[in-house]
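Enquirer: sequence first, predicted coordinates after that:
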Protein chains: 2
Amino acid sequence: MLGRVTSERPTRPSQQDVARLAGVSRTTVSFVVNGVTGVAIPAATRAKVWAAVEQLGFRPNELARGLRSRRSGVLGLVTDAIATTPYAVGIIAGAQEAAARHGRTLLIVDTDSGAGSLLDAAAAMTRWQVEGLMLATDHHREVSLDGEVAGLPPTVLVDCVEADGRLPALVPDERQGGRLATDTLLAAGHRRIGLVNGPPDYPASAGRLAGWRDALAGAGVEVDQRLIRVGDWWQESGHTGAAALLDLPEPPTALFCANDWMAMGAYDLLRERGLRVPGDVAVIGFDNREEIAAHLRPALTTVALPYREMGRRAVEHLVGATPLPPGATRLPCPLVSRASV
Amino acid sequence: MLGRVTSERPTRPSQQDVARLAGVSRTTVSFVVNGVTGVAIPAATRAKVWAAVEQLGFRPNELARGLRSRRSGVLGLVTDAIATTPYAVGIIAGAQEAAARHGRTLLIVDTDSGAGSLLDAAAAMTRWQVEGLMLATDHHREVSLDGEVAGLPPTVLVDCVEADGRLPALVPDERQGGRLATDTLLAAGHRRIGLVNGPPDYPASAGRLAGWRDALAGAGVEVDQRLIRVGDWWQESGHTGAAALLDLPEPPTALFCANDWMAMGAYDLLRERGLRVPGDVAVIGFDNREEIAAHLRPALTTVALPYREMGRRAVEHLVGATPLPPGATRLPCPLVSRASV
DNA sequence: TTGTAAGCGTTATCAC
DNA sequence: GTGATAACGCTTACAA
């Protein structure tokens, strides 16, 4: 004959329960657990409240908190990077970490997992009152959002850029990375440096090529167009490209492969020809795909993509900690030194 | 002089707004948008409501919905698999997909990203009133939860098992996988099959070894202990192990490497010795780490771990679609045929 | 320094 | 068939 039938599932303790146990009002409990400044609550009261919280195992209900305060504390990450390949888990890890640090919850939706298009994903996030949105792609590319952004919460692009560039975007500084790779080879004494690049319609290819030129120009080395070969990112094309370069009348003494898979192909070719890495030919890759780079023999020196950094910066932008300007912000690609140079 | 000062951010349309526009009550709107059965609402009213929903771009507020209905629809996935290696993104993908299909939202927390221990992660999820919890590890192993499970929502282990096995757990059927790999080699006519296994204290090693024995016994082939070598999962040890096996007086004609990295090491050794795969020696791996298996030359035939399946089944258990018994449920590991056998 | 009360957007229980 | 009305657990003026 109680006022209300007890619910099936034993409901978790509420602030109400804490207040009762501590002998204070709900308001006081709210002030204490949220550490509200500007109210002077005696240490004794605070202690009582915390003791009650502890004893009951009270955990605030984020649903209620978000509903009432109109601040969900949820940041949305929409990506096509999970289903395809484990490419950009670094983005997730970096975002997650930063979100936790700023007291935010990260909601991740993979657009390839049935959710369908970006629009569906955004709709799903809307229902959860997300306060910011990150759109991440599985590789650096240009995306077109058309009018879709209208009505969306503050949004930042990760590893992709928009044609008209009104949204802030975080991308790797491919050019700086290409320069870094080439400079590393130059610093090791090489002067003829072959480039096995990716297809021209990728921002990555264009940037890495420009970086290669930059470095050569900076070192006063003549740029020889014949030292450029175009692959398709796959291992086979690294093999082919390396072969073509080594068949040149004046073959290169070092190879800059625009990704690690092609470097892996180059390794194969060098081995077939009885050439040692780095003794006879030095090799440097790009992407730092640990699974490959760390396991090749010798381990591959390569340039890393700043995935974690991109995830981190995206969150810091959305929470207002480090605001980003509209358009692309390029993040530096660090060198990962191993044994192939 | 309005009753309430308008909030800074233009608030999203509510059911209230929809009701006003459609000229019905909030209740009716709720019935219509939730497709409540048992109430007969005329098609005309339904249409009016949907039209208003469309016009306003109304999206239900999950915070309010969850608060009121006491069903958040959130499933929590706690993992250490993101930060370490991109090992088990398949688990996430599979879980995500199944969650979407069942109208649930997946909340992912990576314990290595600052959140700290499992307990912290579980606390974070509790605040969001998760209705089920998945605990996933980065590789098949035994975990001990002590008393930590008390007070947690329904929980399922993914890619790990508990010592006392009271929680349901989803793990790969390592033994079946080992047998499948060996059977594949047997079917190709091999009779002396070397095993380069992982360290003995892994469930994966124990299971794959047992499967190797099973297959040999099943084919009436004598089990020769000398054909077993123990590696450490790394490429070097695959190289070493393969070398030892080929130096045997009666060397094997096929190699079963308990993971793809060791298979990669074996490839290196075979190439060094001028042996062709699969012509001179067939090789089969385990794990199907696409990045390696698909890119080796020749592409590696291997046994895949059922990551997506584990994620999917975990969700289906939690939503009650396909309940799991306490203790381990072993999921089959399928063969991925490529070119090395 | 603490308490009262209103209300966030929704669902659920009743009357009508 | 549809509509009031009361929670859900919390934050936040404002009152005491």
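Expert: Ah, there it is.

Enquirer: and stretch A:106-123, how far apart are its ends?
Expert: Using CA to CA, to the nearest Å, one end of stretch A:106-123 lies 16 Å from the other.

Enquirer: then stretch A:160-169?
Expert: End-to-end distance (CA to CA), stretch A:160-169: 7 Å.

Enquirer: can you pull the buried residues of that stretch?
Expert: A:160, A:161, A:162, A:167, A:168, A:169 (16 or more other CB atoms under 10 Å in any protein chain shown). Every C-beta, even on glycine, is put in place using the N, C-alpha and C of the backbone.

Enquirer: adding distance to residue A:62, pLDDT and secondary structure, write those residues out as JSON lines.
Expert: Shown next, in JSON lines, are the buried residues of stretch A:160-169 (distance: CB to CB, whole Å; pLDDT from 0 to 100; DSSP: H, G, I helix; E, B strand; the rest coil):
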{"residue": "A:160", "distance to residue A:62": "30", "pLDDT": "93", "secondary structure": "strand"}
{"residue": "A:161", "distance to residue A:62": "34", "pLDDT": "93", "secondary structure": "strand"}
{"residue": "A:162", "distance to residue A:62": "32", "pLDDT": "91", "secondary structure": "strand"}
{"residue": "A:167", "distance to residue A:62": "28", "pLDDT": "93", "secondary structure": "coil"}
{"residue": "A:168", "distance to residue A:62": "27", "pLDDT": "97", "secondary structure": "strand"}
{"residue": "A:169", "distance to residue A:62": "30", "pLDDT": "97", "secondary structure": "strand"}
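
Enquirer: can you list the residues of chain A near DNA strand D?
Expert: A:4, A:11, A:14-16, A:26-27, A:30-31, A:33-34, A:58, A:60-61, A:64-65, A:67-69 (CB under 7 Å from any atom of the strand).

Enquirer: quick revisit: farthest-separated two in the buried residues of stretch A:160-169?
Expert: For the buried residues of stretch A:160-169, the farthest-apart pair by CB to CB is A:160 and A:168; their separation is 11.7 Å.

Enquirer: and the helices in chain A?
Expert: A:15-22, A:26-33, A:43-56, A:62-69, A:89-101, A:118-127, A:174-187, A:203-218, A:235-246, A:260-272, A:290-293, A:307-318 (DSSP state H).

Enquirer: closest one to residue A:326 among the ones you listed?
Expert: helix A:307-318 (11.2 Å).

Enquirer: mind giving me the packing neighbours of that closest one?
Expert: For helix A:307-318, the packing partners by 3 or more CB pairs under 8 Å, 6 or more residues apart in numbering or on different chains; DSSP states H and E come out as helix A:89-101, strand A:132-143, strand A:155-162, strand A:168-172, strand A:327-331.

Enquirer: tilt between it and strand A:327-331?
Expert: Counting by axes from the mean of the first three to the mean of the last three CA atoms, to 10 degrees, helix A:307-318 points 140 degrees away from the direction of strand A:327-331.

Enquirer: what comes up buried for helix A:307-318?
Expert: Residues A:307, A:308, A:309, A:310, A:311, A:312, A:313, A:314, A:315, A:316, A:317, A:318 are the ones in helix A:307-318 that count as buried (16+ other CB under 10 Å).

Enquirer: what does the stretch 51-200 of chain A put close to chain B?
Expert: A:57, A:59-64, A:66-67, A:70, A:72, A:82-83, A:85-86, A:89, A:92-93, A:96-97, A:100-101, A:105-110, A:112-115, A:123-124, A:126-129, A:151 (CB under 8 Å from any CB of the partner chain).
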